[in-house]
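Enquirer: Only the shape, not the letters, is given here:
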DNA sequence: GCGAGCAGCGTACCT
DNA sequence: ACAGGTACGCTGCTCGCG
């Protein structure tokens, strides 16, 4: 029998005592298929012929001699096949004495996908008998949407932090993005779409039924790996009931890896949107003060926040007149999660197709894992042995052995007019491909290459005859990205969103490729390759600076792949001419672009310097259309109060837009007065910061505030982004710092001397003003409190 | 005993 | 747990001064 379906996931399960590959497919009664004929294997490079037969309890079922590339050398290896993936680590350890073993740590599901050339989220054609797969092949892109349900739970929490053994799940809400629903177990004043069941136990059971009824293929949560699902599981255990949240009534499988947790559901994709958001934030594709559901919703979708104060949940539940509102809030959470997922979905699907990693692994994958997955696929296709992951010791050594990075030109502080900004498009990927930089093309040994032109500024040379795996993979991405961008011009609606996501997915991978060569834990680590890339990068940027100065420009600033030139009396066409002259000299995939021309720009001096040196990575520009671009200033940082950031922005705007120093001064004076008079909103005084470590040497203000909150019973863990206010109560700043929820007043002198003035003085200093020109007003009048 | 100056820690940013 | 380069606040210490 043959059939087509969307491939959701590939994993392995133990079936009749043997580990067998299982395909998870879209479709209710057809989601589980097994391929008992697919056997696990690995390679060994040994002079000795390995004997077929038994090693301990393990039987080698097949041995083949195969030709594979180990690095750049083609070798004859023995392919050792056994019958259960759990045997691979043991057998490879035993055979290790006969020679070097390869590809012993590849997950069985990944192996299956790579060897059969499958792509998750694509359609596959399956030939089968009963539940067993006879053959499977990729058919291509599917436009069938998966059945998706977002959910969220509310928990009774009279102690603030809910206790798994006592505090009930009171509401389970869900949403498919169109229709919302909720399950609860107390009268909630006929809240629309809410069903009231008998008790908590019935609510949990009912939720699992809803998943079955809706045939949910993707279950979406927000921090559900760490909270909702483990909590429901714990409650089910406490109540002594089953928690059949997977298809065919299976419970969830919870796994913890240090700080992060993963939830696996039978036959469904569990997608934690919180993880995706964190990854996007890490890739700088999303920038937020905090990663709460409300903040993310506001940024991605728009609209007003609706959050219930977490301490109000149990009060609303206990008060039957407010229970309806609580249920409605709960549904809004689920609805928001569904909408966020809808936005994330196209990119996630494209990343899944590009890397062949199942969607369930994509939400939690780092960008590094994405690149590595792609390279592994390419290696298998090319008959190249996948390099092993380094051990702890090797990774540690690599980590300590740092390379020189990018060039950053020291700017002269000042206010400038008519600035042209150029940048190299995808600098590192284009160097990597143009110069064929790869661990295996490095110092290839050919005399022609050694004495050829492809030598880095540090003296490494790279093969000019044969493309390496990394550059050829990246070159095809660069080419495909161009093609897709062209297709995008004529696309609309669904097609356009998929193509946009495809471009974005390729961009993420391209931007991370260089990082992988320099990442201590990467399979394709190559210190020399990474070092050559940054050396070439420094060379090309400095070469543009040099040529610009020869052409009569003043080079104001440069950072990694960008160059800022003072145009003087020159016009755009001159800048384009200069750019063209550079581009004529660049190798194939490299290209300099004119990013924009700015009418005015501000560079400031560094703080802690004796003589006035310019600060790097801090500037503000305004283009001909009046669009402002600000980098590095306090106003782009989350660890500064909003009042300081807003003031800094106003000052920069006054200078960039109007060139008015009087206005700038007035803005600052006004804010100083308001702070002294206690006219500032509490929320504008909050300073956000993340607790990145679990143990600290010094007690910083934020840590002191957290310690005080912990004493009051608040549960704040590593990784949390907390907000604090500096109050009047205490001596040191640490003593005065309180989490925003506990702050009763604020210290005006802190906000003036440590927030407003540092943020604006170096900008205003460029205009010839000093602090005394600002601090004219008396401080004694200050009220600085809300209570 | 005190303020200035500095090192080290720590966070967030730029590309 | 993708990299290196950078700014800068806070804490806690040393040092010189009186």
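Expert: Sure, I can see it. Keep in mind the model is a prediction, meaning the values are calculated, not measured.
Enquirer: Next up, phi/psi of the residue positioned nearest the centre of chain A, please.
Expert: Nearest to the geometric centre of chain A sits residue A:279, at 1.7 Å (C-alpha atoms, centre = their mean). With angles defined as degrees, to the nearest 10, residue A:279 sits at phi -70, psi -40.
Enquirer: got the contact list for it?
Expert: A:363, A:364, A:365, A:366, A:367 (C-beta atoms under 8 Å, 6 or more residues apart in numbering). C-betas here are computed from N, CA, C, even on glycine.
Enquirer: ok, it to residue A:691 distance?
Expert: Separation of residue A:279 from residue A:691 (C-beta to C-beta, to the nearest Å): 19 Å.
Enquirer: follow-up on the earlier one: near DNA strand C too, which of the contacts of residue A:279?
Expert: Near DNA strand C, taking C-beta under 7 Å from any atom of the strand as the test, the members of these found are A:366, A:367.
Enquirer: which residues of the stretch 351-500 of chain A score low on pLDDT?
Expert: By pLDDT under 70, the stretch 351-500 of chain A contains no weakly predicted segment.
Enquirer: mind listing the strands in the stretch 1-150 of chain A by residue range?
Expert: A:2-15, A:18-25, A:32-35, A:41-45, A:53-55, A:58-60, A:62-70, A:73-81, A:100-102, A:122-129, A:132-141, A:148-155 (DSSP state E, counting those that start in this stretch).
Enquirer: mean pLDDT for those strands: which is lowest?
Expert: Note on the strands of the stretch 1-150 of chain A: lowest mean pLDDT is at strand A:53-55, with a mean of 88.
Enquirer: Name the surrounding residues that touch that strand.
Expert: Taking C-beta under 8 Å, 6+ apart as the rule, strand A:53-55 contacts A:59, A:60, A:91, A:94, A:95.
Enquirer: Equivalent analysis for stretch A:191-202, please.
Expert: Stretch A:191-202 has contacts (C-beta under 8 Å, 6+ apart) with A:168-170, A:179-188, A:203, A:206, A:235, A:239, A:241, A:324, A:327-328, A:331.
Enquirer: Apply 7 Å and report the result again.
Expert: Residues outside stretch A:191-202 that contact it (C-beta atoms under 7 Å, 6 or more residues apart in numbering): A:168-169, A:180-185, A:187-188, A:203, A:206, A:235, A:239, A:241, A:324, A:327-328.
Enquirer: Return the most buried member of the strands of the stretch 1-150 of chain A.
Expert: The highest mean neighbour count among those, using mean count of other C-beta atoms under 10 Å, belongs to strand A:148-155: a mean of 26.
Enquirer: Now the element after that strand, going C-ward?
Expert: Downstream of strand A:148-155, the next assigned helix or strand under DSSP states H and E is strand A:169-175.
Enquirer: related to what we said a few turns ago, now the strands of the stretch 1-150 of chain A in JSON lines, please, with extra columns for distance to DNA strand C.
Expert: Shown next, in JSON lines, are the strands of the stretch 1-150 of chain A (distance: least, C-beta to the nearest atom of the strand, whole Å):
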{"stretch": "strand A:2-15", "distance to DNA strand C": "21"}
{"stretch": "strand A:18-25", "distance to DNA strand C": "24"}
{"stretch": "strand A:32-35", "distance to DNA strand C": "30"}
{"stretch": "strand A:41-45", "distance to DNA strand C": "22"}
{"stretch": "strand A:53-55", "distance to DNA strand C": "31"}
{"stretch": "strand A:58-60", "distance to DNA strand C": "29"}
{"stretch": "strand A:62-70", "distance to DNA strand C": "25"}
{"stretch": "strand A:73-81", "distance to DNA strand C": "28"}
{"stretch": "strand A:100-102", "distance to DNA strand C": "22"}
{"stretch": "strand A:122-129", "distance to DNA strand C": "26"}
{"stretch": "strand A:132-141", "distance to DNA strand C": "28"}
{"stretch": "strand A:148-155", "distance to DNA strand C": "26"}
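Enquirer: so how many other residues sit close to residue A:590?
Expert: 21 (other C-beta atoms under 10 Å).
Enquirer: ugh, wrong one, I meant residue A:403
Expert: Neighbour number of residue A:403 under other C-beta under 10 Å is 16.
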